[in-house]
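# 3D model of this:
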Amino acid sequence: MTEERVTQVIKDIDKGDTSEYHFYKVCPALLSSICDYNNWEFEMDGDGYNGWEVDWGGVIKTPNAVINVGGSMYYGTVNLIRIDNES
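Predicted structure coming up:
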């Protein structure tokens, strides 16, 4: 269920949605899998994980959007928000 919801949100953002979305029980590996399946690009920040909450960040690039991704492995959270258009 989570995988389908995250996929739909990314598709909505690609179509122009500018809302910010928060998910629980999502890790970078799940996002990578979703992006691979949909031919989207997922890049984690070069610094990897940070601090005791194991914070992490990156971007997802779809045909029409760049999406900022950030979360905490400790809490199992992730936030998605559109940051730019791919032109």
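# List phi and psi for residue 52.
When read as degrees, to the nearest 10, the backbone of residue 52 gives phi -70, psi -20.
# Can you report phi and psi for the residue nearest to it when sequence neighbours are not counted?
Counting by Cβ to Cβ, 6 or more residues apart in numbering, residue 74 is the residue found nearest to residue 52 once chain neighbours are left out, at 7.0 Å. Placement of C-beta: from N, CA and C, glycine included. Torsion angles at residue 74 (phi, psi; degrees, to the nearest 10) stand at phi -60, psi -50.
# quick one: stretch 14-29 to chain centroid distance?
Taking the mean of its C-alpha atoms, stretch 14-29 sits 5 Å from the chain's own mean (Cα atoms, centre = their mean, to the nearest Å).
# hmm, who's touching that stretch?
For stretch 14-29, contacts defined as Cβ atoms under 8 Å, 6 or more residues apart in numbering pick out 2, 5-6, 9, 13, 42, 44, 56, 58, 62-65, 71, 73, 75-82.
# Helices - which of those land there?
The members of the contacts of stretch 14-29 that map onto helices under DSSP state H are 2, 5, 6, 9, 13.
# Drop anything exposed from the contacts of stretch 14-29.
Buried members of these, counted by 16 or more other Cβ atoms under 10 Å: 6, 9, 13, 42, 56, 58, 62, 65, 71, 77-78, 80, 82.
# CSV for those residues, including pLDDT and distance to residue 31?
Compiled in CSV, these are given as follows (pLDDT from 0 to 100; distance: Cβ to Cβ, whole Å):
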residue, pLDDT, distance to residue 31
6, 95, 7
9, 96, 11
13, 96, 13
42, 97, 6
56, 93, 10
58, 94, 8
62, 97, 12
65, 96, 15
71, 93, 9
77, 93, 12
78, 95, 7
80, 97, 9
82, 96, 15
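# just the residues you listed now: which is nearest residue 32?
residue 42 (5.1 Å; Cβ to Cβ).
# so that closest one touches residue 30, yeah?
No - between residue 42 and residue 30 there is no contact, the gap being 10.3 Å when judged by Cβ atoms under 8 Å.
# Great, nothing more from me.
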